[in-house]
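Undergrad: Prediction below, plus the sequence it came from.
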Amino acid sequence: MDVHLAEILPSQKSLFFHLFNLYLHDLSAFTGEEPGEDGRFDLANTYLYLEREELHPYFIYCSGKVAGFILVCAPPFVPEDIDFTVQEMFVLHKYRGRKTAETAVSEILRRLSGRIRVEQLQNNAVAVAFWKKIYRQHGIPFVESIESVEIEGLPGLHDVLAQTFSL
């Protein structure tokens, strides 16, 4: 199984937005978000990933097929003392459980240096366990915090776990 990353190009916007909608569908189990009248979720400012050089969107490819995406942010889209955040990651169901996500994250970690922050919704136990497994596998010590945040377009506050580490 060949897994690699490739930058998402503006010409791939439609594919990216379709996958992001699937991601929001999966995330709705934890956020309570409802799709709009047209059956799609609100993509909010997702288009910025294709317009701003400080935002780094990548497709995850598995054996030549798009299997998901991983989105990385740099200043000014990160907290003050952070160099990069791994902001969002999504892998299509077909590719889950095959080390696709682990391989993609390993590639991203090789590309980054400095202070890194990764966040998960606290109630998304699968995501929390995934990232903690990654840290164990890579021998990455981290500092964890929890905060309640507003998510654009959703009512109430959502508890987010954040791990910060240096590479």
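TA: Yep, that arrived.
Undergrad: Angles on the backbone of the residue nearest the centre of the chain, please.
TA: Closest to where the C-alpha atoms of the chain average out (CA atoms, centre = their mean) is residue 88, at 1.4 Å. For residue 88, the backbone dihedrals (degrees, to the nearest 10) come out as phi -140, psi 150.
Undergrad: Check the one 4 residues further on too.
TA: Backbone torsions of residue 92, given as degrees, to the nearest 10, read phi -60, psi 150.
Undergrad: and it, how many neighbours does it have?
TA: Residue 92 has 18 neighbouring residues, counting by other CB atoms under 10 Å. Quick note: C-beta positions are derived from backbone N, CA and C, even for glycine.
Undergrad: so residue 84 sits right up against residue 71, yeah?
TA: No. Using CB atoms under 8 Å, residue 84 makes no contact with residue 71, being 10.8 Å away.
Undergrad: on that earlier part again, distance of the residue nearest to the centre of the chain from residue 2?
TA: 23 Å (CB to CB, to the nearest Å).
Undergrad: try residue 30
TA: Using CB to CB, one obtains 31 Å as the distance from residue 30 to residue 2.
Undergrad: Between those two, which is the more surrounded one?
TA: More crowded of residue 30 and residue 2, by other CB under 10 Å: residue 30, with 16 against 8.
Undergrad: correct me, but the more buried one touches residue 123?
TA: Yes. Counting by CB under 8 Å, residue 30 sits close enough to residue 123 to count as a contact (5.1 Å).
Undergrad: Would you mark the buried spots in stretch 68-82?
TA: Neighbour-count burial for stretch 68-82 flags 68, 69, 70, 71, 72, 73, 74, 77, 78, 82 (criterion: 16 or more other CB atoms under 10 Å).
Undergrad: could those be laid out in CSV, adding secondary structure, distance to residue 57 and pLDDT?
TA: As requested, these are arranged in CSV below (DSSP: H, G, I helix; E, B strand; the rest coil; distance: CB to CB, whole Å; pLDDT from 0 to 100):
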residue, secondary structure, distance to residue 57, pLDDT
68, strand, 11, 98
69, strand, 6, 98
70, strand, 8, 98
71, strand, 5, 97
72, strand, 8, 97
73, strand, 10, 96
74, coil, 12, 97
77, coil, 12, 94
78, coil, 15, 95
82, coil, 18, 98
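Undergrad: who's in contact with stretch 2-21?
TA: For stretch 2-21, the surrounding residues in contact (CB atoms under 8 Å, 6 or more residues apart in numbering) are 40-41, 43, 46-47, 49-51, 56-64, 66-70, 90, 92, 99-100, 103-104, 107-108.
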